[in-house]
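Undergrad: sequence first, predicted model second:
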Number of protein chains: 2
Amino acid sequence: MKLSNKTVERVCRVFGYLKVLEDKGIAFVSSLDLAKAIGATESTVRKDISILELTGFSRKGYDVMLLKKELGVKLQLNKKRKACIVGLGRLGTALLDYEKFQEDGFEIVAGFDASINKIERINTVIDVFAVDDLENVVAQRKIELGIIAVPAQAAQGIAYKLVKSGVKGVLNFSPVKLIVPKNVMYLDMDFTSALRSIAARMAVC
Amino acid sequence: MKLSNKTVERVCRVFGYLKVLEDKGIAFVSSLDLAKAIGATESTVRKDISILELTGFSRKGYDVMLLKKELGVKLQLNKKRKACIVGLGRLGTALLDYEKFQEDGFEIVAGFDASINKIERINTVIDVFAVDDLENVVAQRKIELGIIAVPAQAAQGIAYKLVKSGVKGVLNFSPVKLIVPKNVMYLDMDFTSALRSIAARMAVC
């Protein structure tokens, strides 16, 4: 099943919204509600759901639990995935203890930093290593996701190392765009772009 | 000038890419290059640029410096904007010192935390206050943007306070969706959604 990045992004947002509905005890949802919640048109949402060959539609709307379960299976969102964090500055250590990762099936199994001093002093239940050990640890522990929280000038080098060690997905918190091979999934968390987009909307809306 | 959120988001990404090109000393760029860089079609990029009534197009492509300057003026991206950070845990303090905000015209003029103890011990050049002072400080300093980095259960209350004090844009780092009035611009930085979208693309691509 080949899906465009945009479709995957949308159905991931649908999945997140279904989790919210499930927590609230809501049993059915209309495609219009789904569309509104994720900021897409109703026909797009319907098309996405039909591409994924999902069932669970009745007169009352989509069955929240069923649709969430099916989506989870199709996108393997229920699979536990091992991740590591590289760069244990304030942002990196904040991410190390970000409990929601765990709840959502992401297991942070290692942290790395260039400073041995920092590695020795850090207070966390997660195993931390010198960045020189990155390639060994990532390969041995079969880590699939790398989260980059190092300074801009070190980020591309870390991305290369992660990919070389077998990581298949990279989430980048450094403020530079990184180059990774096409078969590695990549996403930027660019705080400045986010602020800029809010400011621009303030100016023109 | 009324623009859709999607148009604003795209032209903000165009602006970010033009900055990169400018830093590299590249003088001209084609609409196809712009389209590729931001992940849109060429015709969409051309339409966005024409809606914004931007000039600077020649046989060699768009003039990078000119287009960036015009975009900056239209979207008021060159305007300095005052921001504050609420919640000075590890993530909040990391954001307090995130130098790229400054470079891009966002001035963090205050930090807030519920713990007086933390306020007293924190090591930063930015003014920090107890969260009880939030409404006064935001109003007095004419802060336009609020960055929320408090735990989930406190986030909605902080959003209300920020809006009541005159903030026009909210960037939310807490892992819950917040409700703000329609005239307040709002964006989530949801780390788990980001990881989930990478993992889903790993599964289906």
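TA: Structure's in. What do you need? In this text, all values refer to a predicted model and were calculated from it rather than measured experimentally. Residues are numbered from 1 along each chain as shown, chains lettered A, B, ... in the order given.
Undergrad: contacts, neighbours, all on C-alpha from now
TA: Fine.
Undergrad: please tell me the pLDDT value assigned to A:A130.
TA: Per-residue pLDDT puts A:A130 at 97.
Undergrad: that one: what's it in contact with?
TA: Taking C-alpha atoms under 8 Å, 6 or more residues apart in numbering or on different chains as the contact definition, A:A130 lies against A:112-116, A:119.
Undergrad: select only the buried ones of these in PyMOL?
TA: A single PyMOL command suffices to select whichever of the contacts of A:A130 are buried according to 16 or more other C-alpha atoms under 10 Å in any protein chain shown:
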select buried, chain A and resi 112+113+114+119
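Undergrad: next step: the contacts of A:A130 restricted to helices.
TA: Secondary structure of the contacts of A:A130 is defined by DSSP state H; positions in helices are A:116, A:119.
Undergrad: out of the contacts of A:A130, who's nearest A:S165?
TA: A:F112 (13.9 Å; C-alpha to C-alpha).
Undergrad: that closest one contacts A:I85, doesn't it?
TA: Yes. Between A:F112 and A:I85 a contact is recorded at 6.3 Å, counting by C-alpha atoms under 8 Å.
Undergrad: most remote residue from chain A's center?
TA: The outermost residue of chain A, judged by C-alpha distance from the chain's mean C-alpha position using C-alpha atoms, centre = their mean, is A:R59 at 33.3 Å.
Undergrad: quick check: pLDDT value at A:D127.
TA: According to the model, A:D127 scores 96 on pLDDT.
Undergrad: pull the number of nearby residues for it.
TA: A count of nearby residues for A:D127, using other C-alpha atoms under 10 Å in any protein chain shown, gives 12.
Undergrad: check A:T55 too.
TA: The burial metric for A:T55, expressed as a neighbour count using other C-alpha under 10 Å, is 14.
Undergrad: for chain B, see how far away the closest residue to it other than its chain neighbours is.
TA: Distances taken as C-alpha to C-alpha, 6 or more residues apart in numbering or on different chains put A:L67 closest to A:T55, at 7.1 Å, once the chain neighbours are dropped. Distance, A:L67 to chain B, by C-alpha to the nearest C-alpha, to the nearest Å: 16 Å.
Undergrad: just put the contacts of A:A130 in CSV and tack on pLDDT.
TA: Shown next, in CSV, are the contacts of A:A130 (pLDDT from 0 to 100):
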residue, pLDDT
A:F112, 98
A:D113, 97
A:A114, 96
A:S115, 95
A:I116, 93
A:I119, 93
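Undergrad: and chain A, what are its domains?
TA: Residue ranges of the domains in chain A are recorded as A:5-73, A:81-192, according to automatic domain parsing.
Undergrad: and B:I26, which of these is closest to it?
TA: Minimum separation from B:I26 across the domains of chain A (C-alpha to C-alpha) falls at domain A:81-192, 17.1 Å.
Undergrad: roughly how far is the closest one from the heart of the chain?
TA: What separates the centre of domain A:81-192 from the centre of its chain is 13 Å, taken as C-alpha atoms, centre = their mean, to the nearest Å.
Undergrad: direction included, what does the lengthiest strand in chain A pair against?
TA: Longest among the strand segments of chain A by residue count, using DSSP state E, is strand A:106-113. Using DSSP bridges, strand A:106-113 pairs in its sheet with strand A:81-86 (parallel), strand A:128-130 (parallel).
Undergrad: of those, which approaches B:T44 most closely?
TA: Nearest of the strands paired with strand A:106-113 (C-alpha to C-alpha): strand A:81-86, 36.1 Å.
Undergrad: tell me the first helix or strand C-terminal of the closest one.
TA: helix A:90-96 (DSSP states H and E).
Undergrad: so what's A:K60 closest to, chain neighbours aside?
TA: Closest residue to A:K60 apart from its sequence neighbours, by C-alpha to C-alpha, 6+ apart: A:F28 at 6.3 Å.
Undergrad: could you give the bridge partners of that neighbour?
TA: Each beta-bridge partner of A:F28 is listed here: A:D63, as defined by DSSP bridges.
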